[in-house]
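Student: got a predicted structure here, sequence first:
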Amino acid sequence: MIEFFYICLFMGAFLGGFVNGLAGFGTALFALGWFLQIMEPPAAVAVVLGATVVVGIQGLIETWSAINWPRLLRYIVPAGFGIPLGLMALAHVSGQQLSILVGCLLVVYGGYFTFRRNLPTIHGELKSVDVGLGFIGGALGSMAGLSGALPSMWGAMRPWSKHEQRAVLQSYNVIVIGVSIIGLAYNGAYNAAVLGNLAMALPISILGGFIGIRLFRRLSNQGYRRLVISLMLVSGLGLLGRALLF
C-alpha cells in the first residue's frame, strides 16, 4: 500500500506538472485522477491547486515578456466579480451538472477543430468578449475549478503568438486559482497531512513542468494552437468521465 501511495502521488505530480509546463494548463486533468486514488476529494483538490500555482509560476517566467497587461486586466478584473458569485451559486448548482455542461462544450469544440486542416482565426480586439469570458471564468473557477476552460477555447482562435496566448491564460489561471487557495486555506483545507503530500508532490511537479516548458519552446505557433485544441477534447472527455463515474 505504501508503494501504491507514492506511485499515485508521483505520477499525478509529474504528469500534471508536465502538461502545465507544455500547454499552460491541465494540471488538474492529468493529476486529479491519480490523487483521488489515495486522498479524499478535498485534499486531492487542495494539492492539485497548490501544484498548479507553483508550476504556473514557472510558465509565467517563460512568457513574462509577452504579457499584454491591458488585455490581461480585461480578464482579471471581471474575474474578481465572478469569483464571489460562483461561490454563492455553489449552494444552488451541482458541480457534477456544471462539469457535464462544460465537458460537453469542450468535447464539441475540441472534437470539431482537432480534425480540421485549417484552424479558424478571429481578428480584432473584441474587448467585450474578453471581459465576459474573464467574468464567467472567475465564476466557473470558484464553482468547479474550471477557470481556464472558456478562455482557452477563445484564445486558441485568436491571432496571438503562442507566448501571447499562454501569457494571458497562465496569468489568469494562476491568479484565479491563487484566490481559490486562499479560500480553501481559510476553511482549513491545508492541514498537516495535505501540506505533507503537497511538499512531496511539488519537486516532482516542478521537474515535470521544467521538461514541459522545454518542449513548449520547440512548438510553432500553429503547433501550440493545435495542442491546446486537442487538450480541450481530452479535457472535456476527462470532465465527463469523472462527472458520470464518480
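Tutor: Great, that's in hand. Values in this document were obtained by computation on a predicted structure and should not be read as measured data.
Student: roughly how far does the residue nearest to His123 when sequence neighbours are not counted sit from Ser235?
Tutor: Closest residue in space to His123, ignoring its immediate chain neighbours: Pro159 at 5.6 Å, by Cβ to Cβ, 6 or more residues apart in numbering. Any C-beta I mention is one placed from the backbone N, CA and C, and that applies to glycine too. Distance, Pro159 to Ser235, using Cβ to Cβ, to the nearest Å: 23 Å.
Student: flag every buried residue along the helix or strand of the chain with the lowest mean pLDDT.
Tutor: Lowest by mean pLDDT, DSSP states H and E among the helices and strands of the chain is helix 95-114, with a mean of 79. Residues of helix 95-114 classed as buried by neighbour count (16 or more other Cβ atoms under 10 Å): 98-103, 105-107, 109-110, 113.
Student: Val45: which of those is nearest?
Tutor: Ser99 (12.9 Å; Cβ to Cβ).
Student: what is the burial count for the closest residue to that closest one other than its chain neighbours?
Tutor: Leaving out its chain neighbours, the residue that sits closest to Ser99 by Cβ to Cβ, 6+ apart is Ala243, at 4.0 Å. When neighbours are counted by other Cβ atoms under 10 Å, Ala243 registers 20.
Student: I'd say Ala243 and Gln96 touch.
Tutor: Yes: in this structure, Ala243 is within contact of Gln96 by Cβ atoms under 8 Å, at 4.9 Å.
Student: quick revisit: now do the contacts for the residue nearest to Ser99.
Tutor: For Ala243, the contact set (Cβ atoms under 8 Å, 6 or more residues apart in numbering) comprises 96, 99-100, 103.
Student: quickly find the element holding it.
Tutor: Using DSSP states H and E, Ala243 sits in helix 221-245.
Student: so for that helix, mean pLDDT?
Tutor: On average, the pLDDT along helix 221-245 is 83.
Student: with stretch 137-149 instead?
Tutor: Stretch 137-149 comes out at a mean pLDDT of 77.
Student: and the residue nearest to Ser99, how far is that from Gly86?
Tutor: Applying Cβ to Cβ to Ala243 and Gly86 gives a distance of 17 Å.
Student: for Arg214, same thing?
Tutor: For Arg214, the distance to Gly86 - Cβ to Cβ - is 35 Å.
Student: so which of those two has more stuff around it?
Tutor: When Arg214 and Gly86 are compared for neighbours, Gly86 comes out ahead with 26 against 12, by other Cβ under 10 Å.
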